[in-house]
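Colleague: Next come a sequence and a model predicted from it.
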Amino acid sequence: MEKINKHIFSKYPFDNHGEIWDKLVPVNFTKRTVFPKDILCFLEKGTIRKLIMNTDKELPQDISIDFYFEGDIFTAKADGELESRFIYEPISNGVLWYVEMSEVRKLFLESKLCSTTQKVFLEERLREKANREIQLLTSSPKEMYLYLLKNKPLFVQQVPLKYLSSYIGITPQALSRIRKQIT
């Protein structure tokens with residue numbers, strides 16, 4: 001039986017012997033894997049892209065919303081109109097462990113530590129989303145790329161340029177021009 005590497009999730013205040021670990025189901029994924037919805041995910045290995053399919057015919061690419069890397073925890077929900085539009089697409093092969101959100105909700109009610117972990121997780125995500133919104137409203141694409149280089153190097157190192165350009169809100173060609181200006 002496979003065992004999760006709990007150490008890579010140590011930035012979150014989990015109890016190493018808590019119930020959550022016993023409920024996790026592993027998925028060895030490839031670029032073609034479709035993940036279930038309404039789950040809490042523990043990404044042990046690999047890279048996953050969160051996106052929205054583009055329905056505007058004038059824009060040729062889908063819109064990258066976020067990227068997840070080794071040690072990240074995220075939810076893949078489907079219980080609201082907005083959440084159901086998100087797609088979680090593997091960029092590389094890897095290992096993801098998940099538990100259904102119905103189980104997570106039970107644990108939040110039963111465990112003070114799970115409740116604390118939820119608060120830490122939500123505060124971190126809210127801070128990241130607020131920072132992203134400010135960047136989108138106030139930064140040029142070049143400034144956004146420079147921010148990623150400095151503060152989120154995994155984005156630049158592990159995400160294909162076509163997805164990274166979509167995350168910044170520009171074409172791959174425009175991103176290539178920015179990269180040439182910087183080097």
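Modeller: Right, received. Where do you want to start?
Colleague: Look up how far residue 68 lies from residue 155.
Modeller: Distance, residue 155 to residue 68, by Cβ to Cβ, to the nearest Å: 11 Å. In short, each C-beta sits where N, CA and C put it, glycine included.
Colleague: In stretch 4-12, which residues are buried?
Modeller: Within stretch 4-12, the residues that count as buried by 16 or more other Cβ atoms under 10 Å are residue 9.
Colleague: Identify the residues contacting that stretch?
Modeller: Surrounding stretch 4-12, the residues in contact under the criterion Cβ atoms under 8 Å, 6 or more residues apart in numbering are 14, 16, 21, 24, 26, 42, 44, 70-71, 73, 97, 117, 120-121.
Colleague: Just the element for the residue nearest to residue 13 when sequence neighbours are not counted, please.
Modeller: The shortest distance from residue 13 to any residue that is not its chain neighbour, by Cβ to Cβ, 6 or more residues apart in numbering, is 5.4 Å, and that residue is residue 117. For residue 117, the element it lies in under DSSP states H and E is helix 112-138.
Colleague: Show me where the chain has its helices.
Modeller: Residue ranges of the helices in the chain, as given by DSSP state H, are 19-23, 81-85, 101-110, 112-138, 141-151, 153-158, 161-168, 172-182.
Colleague: The residue nearest the centre of the chain pairs with what?
Modeller: Here the mean C-alpha position of the chain is nearest to the C-alpha of residue 68 (Cα atoms, centre = their mean), at a distance of 3.3 Å. Residue 68 has these beta-bridge partners by DSSP bridges: residue 48.
Colleague: give the contact list for the residue nearest to residue 165 when sequence neighbours are not counted.
Modeller: For residue 165, ignoring the flanking residues on the chain, the nearest one in space by Cβ to Cβ, 6+ apart is residue 175 at 4.0 Å. For residue 175, the contacting residues are 141, 145, 161, 164-165, 168, by Cβ under 8 Å, 6+ apart.
Colleague: among the residues you listed, which ones are buried?
Modeller: The neighbour count (16+ other Cβ under 10 Å) marks 141, 145, 164-165, 168 as buried among these.
Colleague: Tell me what the nearest residue to residue 27 once chain neighbours are set aside is bridged to.
Modeller: Here the nearest residue to residue 27 in space, its sequence neighbours aside, is residue 96; by Cβ to Cβ, 6+ apart that works out to 4.8 Å. When assigned by DSSP bridges, residue 96 has beta-bridge partners residue 27, residue 43.
Colleague: Local confidence estimate at residue 96?
Modeller: If you check residue 96, the pLDDT there is 96.
Colleague: quick one: it and residue 44 touch, right?
Modeller: Yes: in this structure, residue 96 sits in contact with residue 44. The criterion is Cβ atoms under 8 Å, and the distance is 6.8 Å.
Colleague: could the contacts of stretch 4-12 be laid out in JSON lines, adding distance to residue 81?
Modeller: Formatted as JSON lines, these follow (distance: Cβ to Cβ, whole Å):
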{"residue": "14", "distance to residue 81": "31"}
{"residue": "16", "distance to residue 81": "37"}
{"residue": "21", "distance to residue 81": "33"}
{"residue": "24", "distance to residue 81": "28"}
{"residue": "26", "distance to residue 81": "30"}
{"residue": "42", "distance to residue 81": "26"}
{"residue": "44", "distance to residue 81": "31"}
{"residue": "70", "distance to residue 81": "31"}
{"residue": "71", "distance to residue 81": "30"}
{"residue": "73", "distance to residue 81": "24"}
{"residue": "97", "distance to residue 81": "28"}
{"residue": "117", "distance to residue 81": "27"}
{"residue": "120", "distance to residue 81": "28"}
{"residue": "121", "distance to residue 81": "23"}
